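*Asks:* Please work out how this folds:
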Amino acid sequence: MRSDDRSRAAAIAEEPRPTGDPRYDAYLGALAEHLATAHRLQSPGWAVGPSRFLDRFWFVSDVRGFRATAIAQAPAAFRRRGVFIPERSLQRV
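*Replies:* Down below sits the predicted model:
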């Protein structure tokens, strides 16, 4: 495993404490899974725990027209948890 991969794996290995908001807890699980998939790393077990999934869909913005874009572009790790965010919102500048 390369040095970059080790640091990425370490960054997502430890489960974050609950935020107190199920939406953000699901978001963190989705983000960890998404990053693991993008970098061909093993997804951490904590990311698929029951507290990392929502019972209702959450669109991270109320901006007009956002929903259609978020539905079309949300990465699979986010969609399966009910978190809808366009993939471009996850990219670094």
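*Asks:* Show me what the mean pLDDT comes to for the longest helix anywhere in the chain.
*Replies:* Longest helix in the chain, counting residues (DSSP state H): helix 22-38. Averaged over helix 22-38, pLDDT sits at 97.
*Asks:* Would you mark the buried spots in that helix?
*Replies:* Residues 22, 25-36 are the ones in helix 22-38 that count as buried (16 or more other C-beta atoms under 10 Å). Yep, even glycine has a C-beta here, placed from its N, CA and C like the rest.
*Asks:* Output the below-cut-off pLDDT ranges for this protein.
*Replies:* By pLDDT under 70, the weakly predicted segments of the chain are 1-3, 92-93.
*Asks:* Which stretches in it count as helices?
*Replies:* Counting by DSSP H, the helices of the chain are 3-13, 22-38, 66-73, 76-79.
*Asks:* export the ones you listed to CSV and tack on distance to S51?
*Replies:* Compiled in CSV, the helices of the chain are given as follows (distance: least, C-beta to C-beta, whole Å):
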stretch, distance to S51
helix 3-13, 16
helix 22-38, 5
helix 66-73, 22
helix 76-79, 15
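*Asks:* about what we covered before: could the buried residues of helix 22-38 go into CSV alongside distance to Q42?
*Replies:* Converted to CSV, the buried residues of helix 22-38 look like this (distance: C-beta to C-beta, whole Å):
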residue, distance to Q42
P22, 25
D25, 21
A26, 20
Y27, 20
L28, 17
G29, 15
A30, 16
L31, 15
A32, 11
E33, 10
H34, 14
L35, 11
A36, 6
